[in-house]
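S.K.: Sequence plus predicted model, see below.
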Amino acid sequence: MLQEIINKKDMSAAVRLISQASSVAIVAHMSPDGDAMGSSLAMSIFMQVLRKSPVAVVMPNRCPQFLSWMPGCDAVVYYDSQQQEADVILREADLILCLDFNTAKRVGQMEKALLESPAKKVLIDHHIEPDDFADVVISHPEASSTSELVFRFICQSGHFSDISLTMAQCIYTGMMTDTGNFSYNSQNPELYNIVAELMRIGINKDEIYDKVFNTYSPDRLRFVGYCLYMKMKLYKIDKVQKVALIALSRQELMRFNFQSGDAEGIVNMPMQIGSVVYSCFMREDVDKIKISFRSQGDRPVNEFAQDYFNGGGHKNAAGGEFYGKLEDAVNLFEQNFRKSFT
Ligand code: 5GP
Ligand code: MN
């Protein structure tokens, strides 16, 4: 039996909004990752089980190719390429479920349509300090993933027996990707009770791992080699501990035929060095520098991401953006990390 971590008041308020709604839209953050996709697709199947109609998942932009096998992915509407359709869905929905983000800014171009929609909004998320744009806020930063919260939400609403294989696959994918295959944010023993339940429902966890982590192109593997061999810089912060930085220009990315998703996980790799306790990965996107941070143990990086790179995230995994040249982003990082990383 799982602990009922979602408080009864929020639970019943969310359940009431769901039962009053006919049309439901589900949205998650820009550049959706395994958890954004997993929690949203699982929720959309759950809404269909509850006979809501129409049910639509609207994402600001496409997910990486390695998630495209996920059940329901083909039906996702993308704001960047189907704006008119997406605007109608958001405007006409009775209810919008906001998953895996804490601030409306995280849905990018879709922010205005989301905030202006007259729909009731329920936010389910595990990032710290959520904004108050939603009618019901279910925020649990201690959770491994929003997908875990979706599982708990479904159970607490009395629908455990309605969790289908496809829902279970989506939930597992989100839990697996947001914990680096259960290597961080994964100390709660209950996670493994949830995984056991998902396995009883029928997921093949090894197959899901294979689909998500073993589908890269040769270019991506050579790209990883280049990042580690040619680009990784190490900075000492004391006698033993080090900070790693990998920064790539647009030109370097093009050389390896960079596709969305190819950078996935690279920021974690320097953490394999015993002395590295912080890691940063920067890449020059079309209009901005996209930045990822990781840290080990009790060393928050989300505050640094927020203070210097318009970002945020979790204690050990955060990210942000920089509008300017790559070299200026690198300088900003080099000039400031020592103050925060101790
Ligand atoms: P990743 O490095 O895997 O892209 O992101 C790690 C975590 O950092 C995400 O789960 C998210 O919480 C946070 N994050 C990444 N990029 C941004 C950003 O631009 N803004 C904010 N607020 N958080 C971000
Ligand atoms: Mn997440």
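M.R.: Arrived safely, thanks for sending. Ligands and ions are numbered 1, 2, ... in the order given.

S.K.: CA atoms for contacts and neighbours, from now on please.
M.R.: OK.

S.K.: C-terminal to the strand or helix carrying residue 42, what's the next element?
M.R.: Taking DSSP states H and E as the criterion, the element that holds residue 42 is helix 34-49. Once helix 34-49 ends, the next helix or strand along the chain (criterion: DSSP H and E) is strand 55-59.

S.K.: Check which helices and strands that following strand is in contact with.
M.R.: Where contact means 3 or more C-alpha pairs under 8 Å, 6 or more residues apart in numbering; DSSP states H and E, strand 55-59 is packed against strand 24-28, helix 34-49, strand 77-78.

S.K.: hey, which of those is tucked in deepest?
M.R.: Ranked by mean neighbour count, the helices and strands packed on strand 55-59 are led by strand 24-28 with a mean of 27 (mean count of other C-alpha atoms under 10 Å).

S.K.: How about it and ligand 2, touching?
M.R.: No - between strand 24-28 and ligand 2, judged by C-alpha under 5 Å from the ion, nothing touches; the nearest distance is 9.6 Å.

S.K.: May I have the residues that are in contact with residue 168?
M.R.: By C-alpha atoms under 8 Å, 6 or more residues apart in numbering, the contact set of residue 168 is 42, 198, 201-203.

S.K.: In PyMOL, how would I select just the buried ones from the residues you listed?
M.R.: Buried subset of those, written as a PyMOL selection, criterion 16 or more other C-alpha atoms under 10 Å:
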select buried, resi 42+198+201+203
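
S.K.: Adding pLDDT, distance to residue 83 and secondary structure, write the contacts of residue 168 out as a markdown table.
M.R.: A markdown table is the format used below for the contacts of residue 168 (pLDDT from 0 to 100; distance: C-alpha to C-alpha, whole Å; DSSP: H, G, I helix; E, B strand; the rest coil):
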| residue | pLDDT | distance to residue 83 | secondary structure |
| --- | --- | --- | --- |
| 42 | 99 | 23 | helix |
| 198 | 98 | 35 | helix |
| 201 | 98 | 36 | helix |
| 202 | 98 | 37 | coil |
| 203 | 98 | 34 | coil |
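
S.K.: about what we covered before: mind checking the helices and strands packed on strand 55-59 for the one nearest to residue 278?
M.R.: Residue 278 lies closest to helix 34-49 among those, at 22.9 Å (C-alpha to C-alpha).

S.K.: helices or strands next to the closest one in the packing?
M.R.: The contact analysis (3+ C-alpha pairs under 8 Å, 6+ apart) places helix 34-49 against strand 24-28, strand 55-59, strand 95-99, helix 146-156, helix 165-178.

S.K.: what's the angle from that helix to strand 55-59?
M.R.: Counting by axes from the mean of the first three to the mean of the last three C-alpha atoms, to 10 degrees, helix 34-49 lies at 160 degrees to strand 55-59.

S.K.: Name the surrounding residues that touch helix 34-49.
M.R.: Identification of contacts with helix 34-49 by C-alpha under 8 Å, 6+ apart yields 24, 26-29, 55-57, 63, 67, 70-73, 99-100, 145-147, 150, 162-163, 166-175, 177-178.

S.K.: what's near enough to touch the residue of the chain most remote from its centre?
M.R.: For the chain, the largest distance from the centre (C-alpha atoms, centre = their mean) belongs to residue 239, which lies 34.5 Å off. Residue 239 makes no contacts at all, as judged by C-alpha under 8 Å, 6+ apart.

S.K.: Verify the assumption that it is located in a helix.
M.R.: No - counting by DSSP: H, G, I helix; E, B strand; the rest coil, residue 239 is not found in a helix; it is coil.

S.K.: Tell me if stretch 164-183 is near ligand 2.
M.R.: No - if you take C-alpha under 5 Å from the ion as the test, stretch 164-183 misses ligand 2, and the best it gets is 5.7 Å.

S.K.: Okay, buried residues for that stretch please.
M.R.: For stretch 164-183, the neighbour count (16+ other C-alpha under 10 Å) marks 164-179 as buried.

S.K.: And for stretch 264-274?
M.R.: Buried residues in stretch 264-274, defined by neighbour count with 16+ other C-alpha under 10 Å: 266-268, 270-271.

S.K.: wait, which of those is closest to residue 113?
M.R.: So of these, ranked by how close each gets to residue 113 (C-alpha to C-alpha), first place is residue 267, at 32.6 Å.
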